[in-house]
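S.K.: 3D, please:
(one chain, ligands or ions: 1)
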Amino acid sequence: MNSKGLLVVVSGPSGVGKGTVCAEYVKKHDDCALSVSATTRAAREGERDGVNYYFIGEDEFVKKINEGGFLENAVFCGNRYGTPKAPVLKMLEEGRDVILEIEVQGAMQVRSSYPEGVFVFVLPPDMKTLEQRLRGRNTESDEVIEKRLSRAKEEFNFIEKYNYVLVNDAVENAVRKLGEIIKAEKCVMARNYEYIKKEFLS
Ligand code: 5GP
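M.R.: Presented below is the predicted three-dimensional model:
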């Protein structure tokens with residue numbers, strides 16, 4: 001059937017655990033890769049350059065924007081984030097699925113330039129749980145946490161632009177649901193129409 005990979009865009013508020021869900025999914029699926037973003041944010045303890053992010057400076061980031069090197073890019077809580085375009089397009093051509101774990105502004109840019117993507121929004125079970133998870137991470141100051149919480153509320157306004165919502169009540173459930181979404185999307189007739197036409201309708 002369709003030999004091209006699926007581009008899966010996963011968004012959701014900071015602290016919802018979308019990074020863990022995506023990483024767990026990719027660990028279990030060799031045919032799926034997680035795109036590594038570039039950011040101007042400082043690395044957190046334990047984060048590695050080229051693995052979690054490409055940590056780059058403002059000048060390099062702007063240069064890459066001007067060269068058209070990003071599939072999308074956005075400012076989030078004062079830092080820049082962007083998806084390097086070439087590796088994502090290459091993996092899709094090679095038939096690998098690619099997950100972009102990105103915030104809503106970037107996701108909307110991808111929706112315009114790559115509408116055949118699948119757009120998934122990860123929700124916490126409720127707001128109280130989200131706040132507890134954010135505070136429990138112990139990686140950010142109170143000020144940054146407040147900023148991220150208010151940004152979370154803004155992000156919920158974009159939810160209707162997504163194809164799927166997925167409640168992260170427990171990581172293994174959320175990973176399973178993400179897998180079910182991806183499986184179902186691969187069976188969408190329109191995604192396979194070229195093959196069907198060639199094989200059965202000619
Ligand atoms: P964090 O600083 O917690 O790693 O990420 C902050 C936010 O930026 C998260 O919502 C994350 O999904 C988003 N993000 C990470 N990489 C990218 C990217 O390449 N583009 C966009 N638009 N958002 C990103």
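S.K.: which stretches of this structure form helices?
M.R.: Remark: helices assigned in the chain by DSSP state H are 18-28, 58-66, 85-93, 104-113, 127-136, 142-156, 171-186, 189-200.
S.K.: Please name whichever of the ones you listed is nearest to the ligand.
M.R.: Proximity of those to the ligand was assessed by C-beta to the nearest ligand atom; the nearest stretch is helix 104-113, lying at 2.3 Å. Yep, even glycine has a C-beta here, placed from its N, CA and C like the rest.
S.K.: before we move on, back to that, would you format the helices of the chain as a markdown table with distance to E47 and mean pLDDT included?
M.R.: What follows is the helices of the chain, written out as a markdown table (distance: least, C-beta to C-beta, whole Å; pLDDT from 0 to 100):
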| stretch | distance to E47 | mean pLDDT |
| --- | --- | --- |
| helix 18-28 | 11 | 97 |
| helix 58-66 | 17 | 98 |
| helix 85-93 | 19 | 98 |
| helix 104-113 | 19 | 98 |
| helix 127-136 | 17 | 89 |
| helix 142-156 | 15 | 90 |
| helix 171-186 | 20 | 98 |
| helix 189-200 | 35 | 95 |
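S.K.: Any chance of those in CSV with distance to the ligand and mean neighbour count as columns?
M.R.: Formatted as CSV, the entries for these read as follows, by distance: least, C-beta to the nearest ligand atom, whole Å; neighbours: other C-beta atoms under 10 Å:
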stretch, distance to the ligand, mean neighbour count
helix 18-28, 7, 18
helix 58-66, 11, 13
helix 85-93, 10, 15
helix 104-113, 2, 18
helix 127-136, 10, 15
helix 142-156, 8, 14
helix 171-186, 15, 16
helix 189-200, 25, 11
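S.K.: which residues pair with the nearest residue to G117 once chain neighbours are set aside across the strands?
M.R.: Distances taken as C-beta to C-beta, 6 or more residues apart in numbering place L7 nearest to G117, at 4.1 Å, with adjacent residues excluded. As for beta bridges, L7 partners with V98 under DSSP bridges.
S.K.: And L7, how close does it get to the ligand?
M.R.: 13 Å (C-beta to the nearest ligand atom, to the nearest Å).
S.K.: Kindly report the same for E94.
M.R.: If you go by C-beta to the nearest ligand atom, the gap between E94 and the ligand works out to 21 Å.
S.K.: same check, this time on I102
M.R.: As defined by C-beta to the nearest ligand atom, I102 lies at a distance of 4 Å from the ligand.
S.K.: residue contacts, G17?
M.R.: With contacts taken as C-beta atoms under 8 Å, 6 or more residues apart in numbering, G17 has the following neighbours: V122, P124, R133, N168, V171, A174.
S.K.: Repeat the analysis, applying 6 Å as the threshold.
M.R.: By C-beta atoms under 6 Å, 6 or more residues apart in numbering, the contact list for G17 reads N168.
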